[in-house]
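Student: Have a look; sequence and predicted model below, questions after that.
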Amino acid sequence: MALSNPAFSAKSFASPATAAGRMNTTVQPGLSAEQLQEIYNRPAGGGSDTERMTYENTILKTVITLAFVVAGAAIGFVVPALAIPFAIIGFVLALVNIFKKEPSPALVIAYAVAQGIFVGGLSRIVEANAPGIIFQALIATGIVFGVTLALFASGKVRASKRATKIFMIAGISYAALSLVNLVTQLTGLNDNPWGINGTSIPGTDIPFGLIIGPIAILMGAYSLVLDFTAVKQGVDGGAPSRWGWKAAFGITLTIIWLYVEILRLISILRGSN
């Protein structure tokens, strides 16, 4: 779900053609021949393209998307049995939103509701064994988001090619580990609720999750940096307003990932299953 956050496309958010709303053909320095050709091949913009992406409308769309996550979470909390099926539905919708060329508000909201139901059901199950853990995870997620946003806004933290390459390698490795973890749980090779993360490192009483968890949270924080960078490129480039929905989807995807990782880490620290 979070390999350099594929929810964002560099062409969608930073392309000069998009920046001009498909109407302005001003040439920006440093463009490749392919980018210039793309500018001239695009049709004239319609009414929806003349509205530009701004921080304000992107924030509004993100808030709306997160509100649907909360609404879905309320349903999942009441009916936790829905967690697994809606985790699958949410995963499918995430892929659809990632690979869809044009952002769709309906699909973004559908993803938010589905993932909200999954998160709500998971939270209810974990809360039953570790009272108060939901509040702890929410506070921790808010702190990570707030600190990352503040550092990015101040210019103290920026995405770099080197860091992004490392992040992508770590992300692919994490995805592979998650797949192995799922297989071991489905086949019964590991009956721990958290799978490999809840299993102790051989010769110690330290669960793998205490090593993997903090790394995953750091990856989630850097994913937020990439999200904010993409939004900044979209706003600075004058991308059409509708791309704010793509931004809302990407940020929501990362926040949910962060919350689940933090929830799992706290659960392991508290010794609950």
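Tutor: On my side now, so go ahead.

Student: which intervals of the stretch 51-200 of the chain have sub-threshold pLDDT?
Tutor: Scanning the stretch 51-200 of the chain for pLDDT under 70 picks out no residues.

Student: Check which helices and strands the helix or strand harbouring residue 171 is in contact with.
Tutor: Residue 171 belongs to helix 161-186 when assigned by DSSP states H and E. When contacts are defined as 3 or more Cβ pairs under 8 Å, 6 or more residues apart in numbering; DSSP states H and E, helix 161-186 sits against helix 209-237. All C-beta atoms are positioned from the backbone trio N, CA, C, and that covers glycine.

Student: buried set for the helix it packs on?
Tutor: 209, 212-213, 216-217, 219-235, 237 (16 or more other Cβ atoms under 10 Å).

Student: follow-up on the earlier one: buried residues, the helix holding residue 171. List them.
Tutor: 164, 167, 170-171, 174, 177-178, 181, 184-185.

Student: Would you map the helices across the stretch 1-150 of the chain?
Tutor: For the stretch 1-150 of the chain, the helices defined by DSSP state H, counting those that start in this stretch occupy 10-14, 16-19, 33-41, 55-78, 83-99, 105-129, 133-154.

Student: relative to helix 209-237, how tilted is the last one?
Tutor: Think helix 133-154. Orientation note: helix 133-154 sits at an angle of 40 degrees relative to helix 209-237 (axes from the mean of the first three to the mean of the last three Cα atoms, to 10 degrees).

Student: Over to the longest one?
Tutor: With the same axes, to 10 degrees defining the directions, helix 105-129 sits at 160 degrees from helix 209-237.

Student: between helix 105-129 and helix 83-99, how many degrees?
Tutor: 150 degrees.

Student: Off-centre distance for helix 105-129?
Tutor: 14 Å (Cα atoms, centre = their mean, to the nearest Å).

Student: what helices or strands is it leaning on?
Tutor: helix 55-78, helix 83-99, helix 133-154, helix 243-269.

Student: Redo the ones you listed as a markdown table? Include mean neighbour count and distance to residue 108.
Tutor: A markdown table is the format used below for the helices and strands packed on helix 105-129 (neighbours: other Cβ atoms under 10 Å; distance: least, Cβ to Cβ, whole Å):
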| stretch | mean neighbour count | distance to residue 108 |
| --- | --- | --- |
| helix 55-78 | 18 | 6 |
| helix 83-99 | 17 | 6 |
| helix 133-154 | 16 | 19 |
| helix 243-269 | 25 | 5 |
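
Student: just so I know, which of the ones you listed lies nearest residue 113?
Tutor: Smallest distance to residue 113 across these (Cβ to Cβ): 4.1 Å, for helix 55-78.

Student: which strands and helices sit next to the closest one?
Tutor: For helix 55-78, the elements it packs on are helix 83-99, helix 105-129, helix 209-237, helix 243-269, judged by 3+ Cβ pairs under 8 Å, 6+ apart.

Student: Distance to residue 190 added to those, as CSV?
Tutor: Listed next are those as CSV, based on distance: least, Cβ to Cβ, whole Å:
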stretch, distance to residue 190
helix 83-99, 17
helix 105-129, 18
helix 209-237, 12
helix 243-269, 14
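
Student: Leaving out sequence neighbours, find the closest residue to residue 58.
Tutor: Setting aside the residues directly before and after it, residue 58 is nearest to residue 244 in space (Cβ to Cβ, 6 or more residues apart in numbering), at 4.1 Å.

Student: so what's that neighbour up against?
Tutor: 53-54, 57-58, 60-62, 234 (Cβ atoms under 8 Å, 6 or more residues apart in numbering).

Student: Return the member of the residues you listed nearest to residue 250.
Tutor: Closest to residue 250 out of the contacts of residue 244 is residue 62 (9.3 Å), distances taken as Cβ to Cβ.
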